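Q: Take a look and give me a structure for this.
(4 chains)
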4 protein chains.
Amino acid sequence: MQFEAVTAQLSVRPADIGAGHVNNARVLEFLEYARWVWFRRHGLAYTDGPILPLVTRAEVDYRKEIFMGDIRIETRLAENGTHRILFEQSMYAHPDGLKPLVTAKVHSAFVGVGDRRFRTFDEFLAENGRPAL
Amino acid sequence: MQFEAVTAQLSVRPADIGAGHVNNARVLEFLEYARWVWFRRHGLAYTDGPILPLVTRAEVDYRKEIFMGDIRIETRLAENGTHRILFEQSMYAHPDGLKPLVTAKVHSAFVGVGDRRFRTFDEFLAENGRPAL
Amino acid sequence: MQFEAVTAQLSVRPADIGAGHVNNARVLEFLEYARWVWFRRHGLAYTDGPILPLVTRAEVDYRKEIFMGDIRIETRLAENGTHRILFEQSMYAHPDGLKPLVTAKVHSAFVGVGDRRFRTFDEFLAENGRPAL
Amino acid sequence: MQFEAVTAQLSVRPADIGAGHVNNARVLEFLEYARWVWFRRHGLAYTDGPILPLVTRAEVDYRKEIFMGDIRIETRLAENGTHRILFEQSMYAHPDGLKPLVTAKVHSAFVGVGDRRFRTFDEFLAENGRPAL
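A: Numbers count the residues shown, from 1 in each chain, chains lettered A, B, ... in the order given. Just a heads-up that it's a prediction; the model follows:
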């Protein structure tokens, strides 16, 4: 696998907080931000382009409550199939956190923006000027 | 199990949309709204009270892209242990949708608002004036 | 003015709540949803199409705290200039609320999706098959 | 006025984007984050404590579309009355942006968390161990 793991940093916003801690849905926004950093680091489009990634399945373990402050997220491409790829992500209190606040497995596929039909990972890479795997 | 399944209805907001469809994190807000309807239907506190539910694990399958419009969500208590309960939720295009857009398993626990320590499901029920299971 | 006022209904979601009431930013999502209903009622595109509306200025008066429950929003086109239009919006506790929770003036312009350049209101109407004003 | 202006930095998240640019409601989340930084810098509570600030009126001018990337926000206390204070905020493309993307005036009051009744700014300051103005 030629894609190295990528670390992203993020600040919790007051609007992320409800019932005293970060809302469970907002955690997925944090994870998505970290994947965006991963795609950008590898020169791959995330929010614009003719083929874009989309999440097909997410498994998220909320291990500790998250409060206001900075967090960091490690994102790693764990598997890549023809149509689907799998990210493993871990979220920590920044900068020293050792025990993860959240761990997640996020399965993604690729869709053509115009026709909303699935594409292969290799087609996505080719569209971004990268060689097939 | 004495808790019947509950149906909730919801409108997609433009702010839920990104990259042409409902954002994957926003889907968890929809699911949470439907669980709030479930708790309220059964006379149980969700956003205020001395003991509140919190999500410990979510498994979400995004089966179809979701666009502007109304949706409905079926929420069912599938398992209840001493400290953890499990919801199964299915989201459909409202009102006629038969094939789910999203299916999810959401594991929840209960936490004391003051001390942030876990409570049992029975303690949560008792706090809400309901008999233990 | 041939555009009548439009009423929208909306449910507050738990994720909208922070610090005990609906977050101030989330109120703008509610107002945007109501404008989307207004555009749709009048056969006008809001989230897709070659020319889309965008907010250039918002003045929002938060008159009462908003809690979980249903709300309704009245949206009225108050002024229409060549490039800018002005909406007046009032939000109420649904269905009986008489005193507004929020009142807002929202100024909007129109932008071409491809070139991000401003268009006139008449160009937007023509694009949607409506006669110029 | 003994409260100096405060600069905050923030990353746009993919979930903030809709219709090709940052959603207008999300801009208020950014502004709120910057006020939270302002309150914290001055040793004042924002998300917990017996008295909390709440927004009573916001006037927001959206001057340019905002895209993915880092932004910075300057927050300044412009006026302080007995019950209300006024923030002036300017948002820039980080780190070099000179022309503001957004400017805003945000009026805030103070509410007791228990009884939801208004408090004076001096009561809020006293609660946070600060001398009255």
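
Q: Relative to chain B, how far out is A:Lys99?
A: 15 Å (C-beta to the nearest C-beta, to the nearest Å). Yep, even glycine has a C-beta here, placed from its N, CA and C like the rest.

Q: If I follow the layout properly, that residue ends up in contact with A:Ser90?
A: No: shown here, A:Lys99 and A:Ser90 do not form a contact pair, counting by C-beta atoms under 8 Å, at 9.8 Å.

Q: which residues does A:Arg35 contact?
A: A:Tyr46, A:Pro53, A:Thr75, A:Phe87, A:Gln89, A:Val106, A:Ser108 (C-beta atoms under 8 Å, 6 or more residues apart in numbering or on different chains).

Q: which one of A:Lys99 and A:Ser90 has more residues nearby?
A: A:Ser90 (22 against 9; other C-beta atoms under 10 Å in any protein chain shown).

Q: what sits against the closest residue in space to that one that isn't next to it in sequence?
A: Spatial nearest neighbour of A:Ser90, chain neighbours left out: A:Pro100 (4.5 Å); criterion: C-beta to C-beta, 6 or more residues apart in numbering or on different chains. Applying C-beta under 8 Å, 6+ apart to A:Pro100 gives the contacts A:Arg63, A:Ser90, A:Met91, A:Tyr92.

Q: which stretch of helix or strand covers A:Glu74?
A: strand A:70-80 (DSSP states H and E).

Q: strands paired with that strand, and their directions?
A: strand A:6-11 (antiparallel), strand A:85-93 (antiparallel) (DSSP bridges).

Q: Could you identify which of these is most buried?
A: strand A:85-93 (a mean of 21; mean count of other C-beta atoms under 10 Å in any protein chain shown).

Q: mind checking how far that one is from the chain centre?
A: In terms of C-alpha atoms, centre = their mean, to the nearest Å, the gap separating the centre of strand A:85-93 from the centre of its chain is 7 Å.

Q: And stretch A:89-99, by the same measure?
A: Relative to its chain's centre, stretch A:89-99 lies at 15 Å (C-alpha atoms, centre = their mean).

Q: Any buried residues in the longest helix along chain A, and which?
A: Secondary structure of chain A per DSSP state H: the longest helix is helix A:24-41. Neighbour counts over helix A:24-41 (16 or more other C-beta atoms under 10 Å in any protein chain shown) mark A:24-39 as buried.

Q: Just give me the closest of those residues to B:Thr120.
A: Using C-beta to C-beta, A:Asn24 comes nearest to B:Thr120 of those, at 20.6 Å.

Q: That closest one contacts B:Val55, correct?
A: Yes: using C-beta under 8 Å, A:Asn24 is in contact with B:Val55, at 4.1 Å.

Q: tell me, what's touching the two both at once?
A: What both A:Asn24 and B:Val55 touch, as defined by C-beta under 8 Å, 6+ apart, is the set A:Tyr62, B:Glu32.

Q: how many neighbours does the closest residue to A:Ile17 other than its chain neighbours have?
A: The shortest distance from A:Ile17 to any non-neighbouring residue, by C-beta to C-beta, 6+ apart, is to C:Gly18 (5.2 Å). Applying other C-beta under 10 Å, we find 22 residues neighbouring C:Gly18.

Q: Against B:Gln89, how distant is C:Gly18?
A: Separation of C:Gly18 from B:Gln89 (C-beta to C-beta, to the nearest Å): 23 Å.

Q: What of A:Leu98?
A: The value you get for A:Leu98 to B:Gln89, if C-beta to C-beta is used, is 33 Å.

Q: now do A:Glu29
A: 20 Å.

Q: Near chain D, which residues of chain A are found?
A: Counting by C-beta under 8 Å from any C-beta of the partner chain, the residues of chain A close to chain D are A:10-11, A:13-15, A:17, A:20, A:29-30, A:32-33, A:36, A:46-48, A:68.

Q: try it again with 10 Å
A: Applying C-beta under 10 Å from any C-beta of the partner chain, we find that chain A lies next to chain D at A:8-17, A:20, A:25-26, A:28-30, A:32-37, A:39-40, A:46-48, A:67-68.

Q: Okay, now the unreliable bits of chain A?
A: A:1 (pLDDT under 70).

Q: wait, A:Val106 sits on A:Thr56?
A: Yes: the pair A:Val106 / A:Thr56 is scored as a contact, 8.9 Å apart, by C-beta atoms under 10 Å.
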